[in-house]
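A.B. asks: Structure, please.
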Amino acid sequence: MENQKSETYDIIEVCLLAGKIMLQSGGETYRVEDTMMRIAAAFGIDKTHSYVTPTGIIFSAEGSEPTKTKLIRILSRSTDLKKVAMVNSISRKITSGETNLEEALILLKELDALDVTFPFMVQVAAASIASGCFMIMFRGEWNDFIPAMITGGLGYLGFLYFHRFVPIKFFSEFLASFIIGLLALIFIELGIGHQLDKIIIGSVMTLVPGLLVTNAVRDLMAGHLVSGLSKGAEAVLTAFAIGSGIAVVLSFI
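C.D. replies: Below is the predicted model:
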């Protein structure tokens, strides 16, 4: 009986760890719940209940003994879809019987500690190129491509730098958009840039919470109202931070 009780808690720990990694990495609420329930079923627990929000997960398992419930808090969230895919891969191995409980726990702990994000400068370079391409996509002129690249790259660099010292994302996004607006205005004043609006629009696109909006709509459509509304509110707050930073700069004109 004691061994069975201990195994149940280990199964719950594996399920919660998988859900935590996915939720922290930008996974949708329905995907997190489905993955946890599939893992539990693969280990012999068919009756499970989960309640997932962007800031926490509650998971319970029913069996012959009293129902066991555990809560885990989610303190930080980012966009790392590679980790989501890796958790899905581990989940498939569990359901197919290729991985046992102990191996799954070890794999998930290693994945949780693994940093699979791109190097700092690679992120900045990607943001820089994306800013120039977004500017062209919004029908900007090619002679504004380089100013948009520089503006977007330095703006995203500021976002990453400020976020290291200020854990509140709103202020990091506000300062990054302020830098973008200021640099775009400087390029226009120097005669290097020509279309202020297009340079700003292309540069701020790297800060726009596209995945957050998509997940919010997807969760609302799936009936996860709390998660959908909270993610939507977070996306609105991000949009407000970006707009406020640009508005402060434009008020100088």
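
A.B. asks: Any idea how many residues pack against residue 194?
C.D. replies: Neighbour count of residue 194, defined by other CB atoms under 10 Å: 14. C-beta coordinates here come from the backbone N, C-alpha and C atoms, glycine included.

A.B. asks: now swap in residue 56 and tell me
C.D. replies: Residue neighbour count, defined by other CB under 10 Å, stands at 14 for residue 56.

A.B. asks: Backbone dihedrals for it, please?
C.D. replies: phi -170, psi 160 (degrees, to the nearest 10).

A.B. asks: Can you report phi and psi for the closest residue to it other than its chain neighbours?
C.D. replies: Once flanking residues are discounted, residue 56 sits nearest to residue 73: 5.2 Å by CB to CB, 6 or more residues apart in numbering. Backbone torsions for residue 73, taken as degrees, to the nearest 10, come to phi -90, psi 140.

A.B. asks: From what I see, residue 73 and residue 55 are in contact.
C.D. replies: Yes - under the criterion of CB atoms under 8 Å, residue 73 makes contact with residue 55 at 6.8 Å.

A.B. asks: What residues of stretch 58-75 count as buried?
C.D. replies: 59, 61, 63, 68, 72 (16 or more other CB atoms under 10 Å).

A.B. asks: who's the fourth one bridged to?
C.D. replies: Just to be clear, that refers to residue 68. residue 61 (DSSP bridges).

A.B. asks: what's the spacing between it and residue 45?
C.D. replies: 10 Å (CB to CB, to the nearest Å).

A.B. asks: before we move on, what about residue 237?
C.D. replies: From residue 237 to residue 45 the distance is 38 Å (CB to CB).

A.B. asks: Which one's more surrounded, the two?
C.D. replies: Legend: neighbour count by other CB under 10 Å for residue 237 and residue 45, higher for residue 45 (19 against 14).

A.B. asks: residues contacting the closest residue to the more buried one other than its chain neighbours?
C.D. replies: Nearest residue to residue 45, sequence neighbours excluded (CB to CB, 6+ apart): residue 61, at 4.8 Å. Neighbouring residues of residue 61 by CB atoms under 8 Å, 6 or more residues apart in numbering: 8, 11, 12, 40, 45, 47, 48, 67, 68, 69.

A.B. asks: The same query, at a cut-off of 6 Å, please.
C.D. replies: 8, 12, 45, 48, 68 (CB atoms under 6 Å, 6 or more residues apart in numbering).

A.B. asks: just residue 12 next, same as before
C.D. replies: Residues counted as contacts of residue 12 (CB under 6 Å, 6+ apart) are 59, 61, 70.

A.B. asks: And the helices in this structure?
C.D. replies: Taking DSSP state H, the helices of the chain run over residues 2-24, 29-42, 81-95, 101-113, 120-137, 145-165, 169-190, 196-204, 210-221, 225-250.
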